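[1] output the structure for:
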Amino acid sequence: MFQELIAQMAREVEKLQFELNVTLPNEIRKAVELGDLKENSEYKAALERQQFVQARLGQLTQRVTKLANIDITQIPGDRVGLGSKVIVEDLQSKARETYELVFGDAGELHDGHVTMGSPIGRALQGKSVGEEAILKLPTRIRKLQIVELQTIHDRNAEEVV
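    Next comes the predicted model:
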């Protein structure tokens, strides 16, 4: 399940490394040939893109390392954790919402996906069915009761991001 995400990031790393090592040096070389670098927008744009690509490569490398070190056996099978799909009921409005806890800065969040580090993710972590999660928002406090829970162990690998 994490292998697919790691492979996706590895493909992005490969593209970015090609851009960093081949495409951008060519663009910078062409811009330098145009002369006066103080007012050369192509040169500035290439340098800015180079900085962005370097930063993104650093992020991806760090993320792949963290994903590779996740031990699924350490994720609880009876409480909310990474990969869990949770149905909660707002105790005030009685509205039901479904959330799926995904890894860190998951690049492509879909409806209902929340990261482990988000306020709702932190509020839900470690809770079991029937327990209350208190979500502190800037304007109010929400009390959510865990109604249903599917942990990463209960779900198919294809379902988990």
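
[2] A helix includes Glu100, no?
    No - counting by DSSP: H, G, I helix; E, B strand; the rest coil, one finds Glu100 to be strand, located in no helix.

[3] domain ranges for the chain?
    Residue ranges for the domains of the chain, per automatic domain parsing: 2-68, 72-159.

[4] now the longest one, how far from the centre of its chain.
    Its chain's C-alpha centre and that of domain 72-159 lie 15 Å apart, by Cα atoms, centre = their mean, to the nearest Å.

[5] so the residue nearest to Val32 when sequence neighbours are not counted, which state does it fall into?
    Spatial nearest neighbour of Val32, excluding adjacent residues (Cβ to Cβ, 6 or more residues apart in numbering): Tyr43 at 6.7 Å. Where C-beta positions appear, they are placed from N, C-alpha and C, glycine not excepted. Put simply, Tyr43 is helix when judged by three-state DSSP.

[6] Tyr43 and Asp36: what is the separation?
    Tyr43 sits 9 Å away from Asp36, going by Cβ to Cβ, to the nearest Å.

[7] more neighbours: which of these two?
    Ranked by neighbour count (other Cβ atoms under 10 Å), Tyr43 and Asp36 place Tyr43 first, with 20 against 7.
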